[in-house]
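Undergrad: Attaching a predicted model along with its sequence, questions to come.
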Amino acid sequence: MNRFKIKTEVRFNKNALETLREFEDKAAVIITDKFMVESGLIHKITDKMTGYKSVEVFDEITPDPTTTLIAQGLKFITKHQADIVIALGGGSSIDAAKAIVFMAERAENRDIMLIAIPTTSGTGSEVTQFAVVTDDTDHMKYPLVDEKLLPDIAILDPELVLSVPPRVTADTGMDVITHAFEALVSVNANDASDALAEKALLLAFKYLPFAYKDGSNVEAREKMHSASCLAGMAFNEVGLGINHGIAHALGAKFHIPHGRANAILMPHVIRYNAHLRACFGAEPFEAAQRYAEIARKLRLPHDNIRIAVESLIEEIKHMMRRMEIPATLWEAGVSKEDYLREKEAIIEAAMKDACSTSNPREVNREGIEKILGYITEE
Ligand SMILES: [Fe+2]
């Protein structure tokens, strides 16, 4: 049996922010970071909230939100008796707000409406049941997984992403593509997740280069916001894979932005999962067939499975070069010394990562070493 459930109502494209006018007379708390306040971007939100009973701002969110921060946020929304919490920002703000509301609902035994408003097109956190919280005491990251973490409403308004710099657009966009590919070939993939992942890929391959080249291109921003959300819905149900498993380990050790770490790995993970060598004279792996189908839909050369997978990999590499994304760990600023010191720990962490369990091809030490070998070539 397969199942698919979408709890979050998604309001998207131009004027989606008008949704905020529907909740007048409510007490609201906005959970965000200092940049949103100092840059004035927050006014795009508060301008729509003039009829609210109260609007308070908790702007303490920092990257990789910690348990202490979650506790502070919990105190804040309890103090202001929020009926609505608005999560405004990237993955960190939305993840933190999800955890804070989850705790507050339990502590106070009441429902609080959570509205997620992403300001990057990447994590898909606005439609996922995950939140990553870092423990202050041991600095470990703990993923929270619960349906109750899902926001009630997600607002995807392109106006909020127009000023995202090209570097961040490229990194977060590659995160979207990784989410979609990993959902597409996940061992849990089903017809519903396939539809979402496939559409996310077609949108992202077409529009990411435009969003990167000209951030003010509203159509490209709208489409990348949609792609991010669709990919989020897909992986929320069927999981991710070894690309994220290794990227999490690399990110933790070397602080490479998440999407960039995913991008560096992606061509090699696709080759590993397609396992083309195994298909001489035999039925190709299902993952290979799925990659090939995307190549066909992207109108890349696809005379046979091998050509299709290789042309998809080449297309990804080409896209990365155009957006000046590094191809190796060295280009990403990691030193050989640091890499060799951490290599074992990275392999161990990647094997244990929860994402690796839904990878289509077996995840073992040899496979991870092979992939790491490609991203540390001279
Ligand atoms: Fe990701």
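TA: Cool, the structure landed.
Undergrad: Sketch out the low-pLDDT regions of the stretch 251-378 of the chain for me.
TA: Applying pLDDT under 70 to the predicted model, the residue ranges of the stretch 251-378 of the chain that meet it are 278-281.
Undergrad: which residues of it fall in helices?
TA: Along the stretch 251-378 of the chain, the segments classed as helices by DSSP state H, counting those that start in this stretch run 258-274, 286-297, 305-322, 336-352, 365-374.
Undergrad: would you list these in TSV and tack on distance to T19?
TA: (Each C-beta comes from the backbone N, C-alpha and C, glycine too.) Formatted as TSV, the entries for those read as follows, by distance: least, CB to CB, whole Å:
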stretch	distance to T19
helix 258-274	27
helix 286-297	33
helix 305-322	33
helix 336-352	40
helix 365-374	42
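Undergrad: ranking those helices by burial, who's on top?
TA: Per-stretch averages of neighbours, counted by mean count of other CB atoms under 10 Å, single out helix 258-274 among the helices of the stretch 251-378 of the chain, with a mean of 24.
Undergrad: tell me the angle that one makes with helix 305-322.
TA: With axes from the mean of the first three to the mean of the last three CA atoms, to 10 degrees defining the directions, helix 258-274 sits at 170 degrees from helix 305-322.
Undergrad: starting at the chain centroid, how far to helix 258-274?
TA: Offset of helix 258-274 from its chain centre (CA atoms, centre = their mean, to the nearest Å): 14 Å.
Undergrad: so what's Y291 closest to, chain neighbours aside?
TA: Taking CB to CB, 6 or more residues apart in numbering as the measure, Y291 lies nearest to V309, with 5.0 Å between them; neighbours along the chain are not counted.
Undergrad: how close does the residue sitting nearest the centre point of the chain get to Y52?
TA: Among the residues of the chain, the one closest to the centroid is T123, at 2.2 Å (CA atoms, centre = their mean). The spacing between T123 and Y52, counted by CB to CB, to the nearest Å, is 27 Å.
Undergrad: Beyond the host helix or strand of A180, next helix or strand please.
TA: Assignment of secondary structure by DSSP states H and E places A180 within helix 166-185. Remark: after helix 166-185, the chain's next helix or strand is helix 191-213, criterion DSSP H and E.
Undergrad: Which positions in that following helix come out as buried?
TA: Counting neighbours by 16 or more other CB atoms under 10 Å, one finds that the buried residues in helix 191-213 are 192-194, 196-205, 207-209, 211-212.
Undergrad: Can you get me a residue count around K79?
TA: K79 is surrounded by 11 other residues when neighbours are defined as other CB atoms under 10 Å.
Undergrad: Equivalent analysis for the one 3 residues further on, please.
TA: Other residues near A82 number 26, with proximity taken as other CB under 10 Å.
Undergrad: Return the residues in contact with it.
TA: By CB atoms under 8 Å, 6 or more residues apart in numbering, the contact list for A82 reads 27-29, 56, 104, 112.
Undergrad: For V132, give me phi and psi.
TA: With angles defined as degrees, to the nearest 10, V132 sits at phi -100, psi 120.
Undergrad: What of I30?
TA: Comment: the main-chain dihedrals of I30 come out as phi -100, psi 130, following degrees, to the nearest 10.
Undergrad: Look up which residues are beta-bridged to it.
TA: With DSSP bridges as the criterion, the beta-bridge partners of I30 are V57, I86.
Undergrad: State the helix or strand in which the spatially closest residue to V161 that is not a sequence neighbour lies.
TA: Among residues not flanking V161 along the chain, R221 sits closest, at 4.9 Å (CB to CB, 6+ apart). With the criterion set as DSSP H and E, the secondary-structure element containing R221 is helix 218-238.
Undergrad: same for that helix, what does it pack against?
TA: Taking 3 or more CB pairs under 8 Å, 6 or more residues apart in numbering; DSSP states H and E as contact, the helices and strands that helix 218-238 lies on are strand 9-12, strand 153-156, helix 166-185, helix 191-213.
Undergrad: what's the angle between it and helix 166-185?
TA: Counting by the same axes, to 10 degrees, helix 218-238 points 40 degrees away from the direction of helix 166-185.
Undergrad: can you tell me the average pLDDT over helix 218-238?
TA: Helix 218-238 comes out with an average pLDDT of 97.
Undergrad: quick one: it to chain centroid distance?
TA: Between the centre of helix 218-238 and the centre of its host chain there is 9 Å, according to CA atoms, centre = their mean.
Undergrad: Send me that helix as PDB with only the CA atoms.
TA: What follows is helix 218-238, C-alpha atoms only, in PDB (Å, rounded to 0.1, in the frame of the first residue of the first chain):
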ATOM      1  CA  VAL A 218       9.600  37.300 -11.300                       C
ATOM      2  CA  GLU A 219       8.500  34.300 -13.400                       C
ATOM      3  CA  ALA A 220      11.700  32.500 -12.700                       C
ATOM      4  CA  ARG A 221      11.400  33.200  -8.900                       C
ATOM      5  CA  GLU A 222       7.800  32.100  -8.900                       C
ATOM      6  CA  LYS A 223       8.700  28.800 -10.600                       C
ATOM      7  CA  MET A 224      11.700  28.100  -8.300                       C
ATOM      8  CA  HIS A 225       9.500  28.800  -5.300                       C
ATOM      9  CA  SER A 226       7.000  26.200  -6.700                       C
ATOM     10  CA  ALA A 227       9.700  23.700  -7.500                       C
ATOM     11  CA  SER A 228      11.100  24.000  -4.000                       C
ATOM     12  CA  CYS A 229       7.600  23.400  -2.500                       C
ATOM     13  CA  LEU A 230       6.800  20.400  -4.800                       C
ATOM     14  CA  ALA A 231      10.100  18.800  -4.100                       C
ATOM     15  CA  GLY A 232       9.500  19.300  -0.400                       C
ATOM     16  CA  MET A 233       6.100  17.600  -0.600                       C
ATOM     17  CA  ALA A 234       7.700  14.700  -2.500                       C
ATOM     18  CA  PHE A 235      10.600  14.000  -0.100                       C
ATOM     19  CA  ASN A 236       8.400  14.600   2.900                       C
ATOM     20  CA  GLU A 237       6.500  11.400   2.000                       C
ATOM     21  CA  VAL A 238       9.200   9.200   0.500                       C
END
